[in-house]
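1. structure of the sequence below:
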Amino acid sequence: MSSHTDFELLFDSAPISLWLEDYSQLKNLFDQWRAQGITDLEAHLRADPARVQACAACYQVLKVNRKTLEVFAAPHQEALIDRLHEVFRGDTFTRMLPELVSLWKGNALYTGQAVNYALDGRRMDVRISIKILEGHEARWDRVMVSLEDITKHTLAQTLLENSERHARNLFEFSPVSLWVEDFSGVKRLMDEVRASGISDFKTFLSVHQEFVPRCMERIRVLDVNQHTLQMFSAQSREELLHQLERIFRDEMQHSFAEQLLDLWNGKTVQTREVINYSLNGEPINIHMQFSVLPGYEHDWSLVLVSLVDITARKKAEAYLEYLGKHDALTQLRNRAFFVEELNRISRKGPWPLSVMAMDLNGLKHVNDNHGHAAGDAMLRRTGEVLAKATAGQSLCVARTGGDEFVILMPGHDERVAQGLKERIDSMLEMNNQFYPGQKISLSIGIASCQSPVDLEEAAQLADQRMYAAKRQFYETAKLERRSS
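-> Purely as a prediction, here's the structure:
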């Protein structure tokens, strides 16, 4: 068998699509353009897309193998050649630019990707290899082209890229703060502790308190999303990652110790509330979800942490708790807290206990004649006086009714209570000098007891003395009106 016959057999039986072509007309066209002064082929072709089609028209197909007919759904070679305009069309030309530039530069070998169409209409992504055969470099009249249909691979790659892009977008633009971290350094430290024979990790942490910051230093932050930068007032990932010690500090060390204890006990998915700090120093109450991702339980090298800012919720809860225990108008404790505190003192003391019952004089008269706004102003001023008079002392100062106030003084006898009354009277006088208009005054009754048995009696006695003081106030006011 001759070498020519061998070549024909190998060519026709090759398992990939082979094309023997003549590119001599393309070389002639290139030579004409060079003679015209064209030096940048890519710019020349981009300036007029029709020039790419002119290049493609220069290709002359001399022979194709059986695999080519199969790939392009052609019944025979003549049919394929007659219908090349169906094979090379549409985005085929936009993908030809790299191979044309390579040939322009004198490269005898080119490998890249292109787009062709089968005769049944299928669009195919193909890997193309072009080789100007030896001995034909001067004229390009014999060129071997191989094509491999990589449509499935390209589609799979596109789907993978789209999936990765989708996952990245979900991460990047999530409405919660997301951190991807590597805890493998932490695990190695904890494994060393376990290997040393430690079984009571909680006691170990209490004794070796330096172990917690050591573990914190071993955490590697791999990535954070956009919401993280916004939450922590960072302009960039670099700014955030270089200042993590400003974010995770103070209370975080105690929270992280609890997190380590859970990890020691095999809890690789955790939820807790912690406090972090933004780069501008503001505390952030955070709901944290921590999870060692599936497949990484052996070394904790991939961990996802999500942080939700619950500062507003915490403030709302604190305000609701405040309202549940305080009078909104005077900012003093309310009746519910007073009753709770009275019950607590009756159980636990300390003793003696002094009770100061008070009533704001003239509130009804002011409400009836000047309106409730004026009456509310008197109540607010009374709250200010009582708060300032008792500032720094562990006393329960409450508004228990419309014009009724009470002070519980655990651990103080009647002598101390009398001193507080004098202070309140003095501050009432100063308040009346500062505020023009309605003067405020309090009728006050004081009583003390030494044990829970006498508590109710003391409270009643304080009320009685307060009412006695109130009668005296109005009798004096009546006499003053008559003598004026």
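2. make it CA atoms for all contacts and neighbour counts henceforth
-> OK.
3. can you list the domains in this protein?
-> 3-155, 175-315, 326-483 (automatic domain parsing).
4. any chance of the ones you listed in JSON lines with mean neighbour count, distance to E161 and mean pLDDT as columns?
-> Converted to JSON lines, the domains of the chain look like this (neighbours: other CA atoms under 10 Å; distance: least, CA to CA, whole Å; pLDDT from 0 to 100):
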{"stretch": "domain 3-155", "mean neighbour count": "16", "distance to E161": "10", "mean pLDDT": "93"}
{"stretch": "domain 175-315", "mean neighbour count": "16", "distance to E161": "19", "mean pLDDT": "95"}
{"stretch": "domain 326-483", "mean neighbour count": "17", "distance to E161": "59", "mean pLDDT": "93"}
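5. format those as a markdown table; extra columns: distance to A167.
-> Output for those, formatted as a markdown table (distance: least, CA to CA, whole Å):
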| stretch | distance to A167 |
| --- | --- |
| domain 3-155 | 18 |
| domain 175-315 | 12 |
| domain 326-483 | 49 |
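6. show me the strands in the stretch 51-200 of the chain, by range?
-> Using DSSP state E, counting those that start in this stretch, the strands assigned to the stretch 51-200 of the chain run over residues 60-64, 109-117, 123-132, 143-149, 177-182.
7. end to end on stretch 284-300, go ahead and measure it.
-> By CA to CA, to the nearest Å, the extent of stretch 284-300 from end to end equals 27 Å.
8. kindly report the same for stretch 357-376.
-> End to end - CA to CA - stretch 357-376 spans 20 Å.
9. what about that stretch, distance to the chain center?
-> 51 Å (CA atoms, centre = their mean, to the nearest Å).
10. run through who's touching that stretch.
-> Stretch 357-376 has contacts (CA atoms under 8 Å, 6 or more residues apart in numbering) with 329, 378-379, 382, 403-407, 440-446, 459, 462-463, 466, 470, 473.
11. of the strands of the stretch 51-200 of the chain, which is nearest M231?
-> strand 177-182 (7.3 Å; CA to CA).
12. partners of that closest one, with directions?
-> Strand pairing for strand 177-182, determined by DSSP bridges: strand 220-224 (antiparallel), strand 303-309 (antiparallel).
13. and the ones you listed as CSV, adding distance to H287?
-> Output for the strands paired with strand 177-182, formatted as CSV (distance: least, CA to CA, whole Å):
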stretch, distance to H287
strand 220-224, 17
strand 303-309, 5
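14. sorry, back to before: filter the contacts of stretch 357-376 down to just the ones in helices.
-> M378, L379, T382, A459, A462, D463, M466, K470, F473 (DSSP state H).
15. does the third one touch Q331 like I think?
-> No. The criterion here is CA atoms under 8 Å, and T382 misses it with Q331 at 10.4 Å.
16. what's the first-to-last distance across stretch 135-151?
-> Stretch 135-151 end-to-end distance (CA to CA) = 34 Å.
17. do the same with stretch 77-97
-> Stretch 77-97: ends 26 Å apart by CA to CA.
18. picking up where we left off before, the domains of the chain: which one's closest to N162?
-> Taking CA to CA, domain 3-155 is the member of the domains of the chain nearest to N162, at 10.3 Å.
19. and that closest one, how far out from the chain's middle?
-> Taking CA atoms, centre = their mean, the mean C-alpha location of domain 3-155 is offset from the chain mean by 52 Å.
20. ok, stretch 200-218 next?
-> Counting by CA atoms, centre = their mean, stretch 200-218 is centred 27 Å from the centre of its parent chain.
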